[in-house]
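Novice: give me a model of this one.
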Amino acid sequence: MGGLAAGPPSPPTLGSAPGNPGRSSLTAIAGLFLRAGNLTFGGGHVITATLQRELVHRRGWLTLDQYGLAQSLAKITPGTGILAFCAATAWMLRRWTGALVAVVVASAPAAAFVVLLTWAFTSLTGSRPAQLVLAAVLAAAVGMMWAAAWLLVRPQLTAATWLRTGVMVAGAFVALWRWSISPLAILVVAALIGIFWNSGETP
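Specialist: Here you go, the predicted structure:
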């Protein structure tokens, strides 16, 4: 009031919820990661795409930069990437407690369910209907994986960065399929390209 001008908003820190402060309670985190980890089909790419929509776009708990940092760190972490990703994003919200809760609820129910499914399909070995079901599930999983990959790449395809992104994606496919280069080496090269190839976008 009285002509006071509001200053620019301060940037969110790694422990805050930038869009909905105070809304990222442990209960809410557990519910989100429980659904994302156990009610999605198609593997880790589908889960990360679902969490991007929920954490960044719908709830505003993380910024796109925070989400990208968690995803990048999960890719270079040994072991299961999706669990590392869940731990990283939940740690940004509620530190160690959030990370532990997210990893447990995202993995334990699905692990128990896949054991039951494995037992059931093993007992039906040789059954024509069971083989048809498996083929349909595999086809659906591949389709969802590609759709999730597109959802993750699409925000980067701006007018200033589409050429660089296209070169990186095409180069990664060629390096993997033609020369069998390690994914870690591809990530390092892509990071160097991103650092030194300035497309002219505003930082």
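Novice: drop to CA atoms for contacts and neighbour counts, all remaining ones
Specialist: OK.
Novice: flag the helix or strand of this structure with the lowest per-element mean pLDDT.
Specialist: Among the helical and strand segments of the chain, the one scoring lowest on mean pLDDT, DSSP states H and E is helix 128-153, with a mean of 72.
Novice: what helices and strands are in contact with that one?
Specialist: Here helix 128-153 touches helix 44-52, going by 3 or more C-alpha pairs under 8 Å, 6 or more residues apart in numbering; DSSP states H and E.
Novice: chain center to the helix it packs on, what's the gap?
Specialist: Helix 44-52 has its C-alpha centroid displaced from the chain centroid by 4 Å (C-alpha atoms, centre = their mean, to the nearest Å).
Novice: only alpha carbons, please: show it as PDB.
Specialist: Written as PDB, here are the backbone C-alpha positions of helix 44-52 (Å, rounded to 0.1, in the frame of the first residue of the first chain):
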ATOM      1  CA  GLY A  44      10.600 -46.200 -15.000                       C
ATOM      2  CA  HIS A  45      10.100 -43.800 -17.900                       C
ATOM      3  CA  VAL A  46       6.300 -43.800 -17.400                       C
ATOM      4  CA  ILE A  47       6.700 -43.200 -13.700                       C
ATOM      5  CA  THR A  48       9.100 -40.300 -14.200                       C
ATOM      6  CA  ALA A  49       6.700 -38.700 -16.700                       C
ATOM      7  CA  THR A  50       3.800 -39.100 -14.300                       C
ATOM      8  CA  LEU A  51       5.800 -37.600 -11.500                       C
ATOM      9  CA  GLN A  52       6.900 -34.700 -13.700                       C
END
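Novice: before we move on, back to that, any idea which helix or strand comes after the least confident helix or strand of the chain?
Specialist: helix 162-177 (DSSP states H and E).
Novice: quick check: buried residues in that next one?
Specialist: 162, 164-165, 168, 172, 175 (16 or more other C-alpha atoms under 10 Å).
Novice: where does the chain have low pLDDT?
Specialist: Under the criterion pLDDT under 70, the flagged ranges of the chain are 1-23, 41-43, 124-126, 144, 148-149, 151-153, 156-157, 159-160, 198-203.
Novice: need the longest helix for it.
Specialist: Of all the segments assigned as helix in the chain under DSSP state H, the longest by residue count is helix 81-123.
Novice: what packs against it?
Specialist: Here helix 81-123 touches helix 26-38, helix 44-52, helix 64-75, going by 3+ C-alpha pairs under 8 Å, 6+ apart.
Novice: quick one, the first one and helix 81-123 angle?
Specialist: What it means is helix 26-38. With axes from the mean of the first three to the mean of the last three C-alpha atoms, to 10 degrees defining the directions, helix 26-38 sits at 50 degrees from helix 81-123.
Novice: run the chain-centre distance for the least confident helix or strand of the chain.
Specialist: The gap between where helix 128-153 is centred and where its chain is centred comes out at 18 Å by C-alpha atoms, centre = their mean.
Novice: swap in stretch 48-60?
Specialist: Between the centre of stretch 48-60 and the centre of its host chain there is 9 Å, according to C-alpha atoms, centre = their mean.
Novice: and the least confident helix or strand of the chain with helix 64-75, angle?
Specialist: With the same axes, to 10 degrees as the criterion, the two stretches helix 128-153 and helix 64-75 enclose an angle of 130 degrees.
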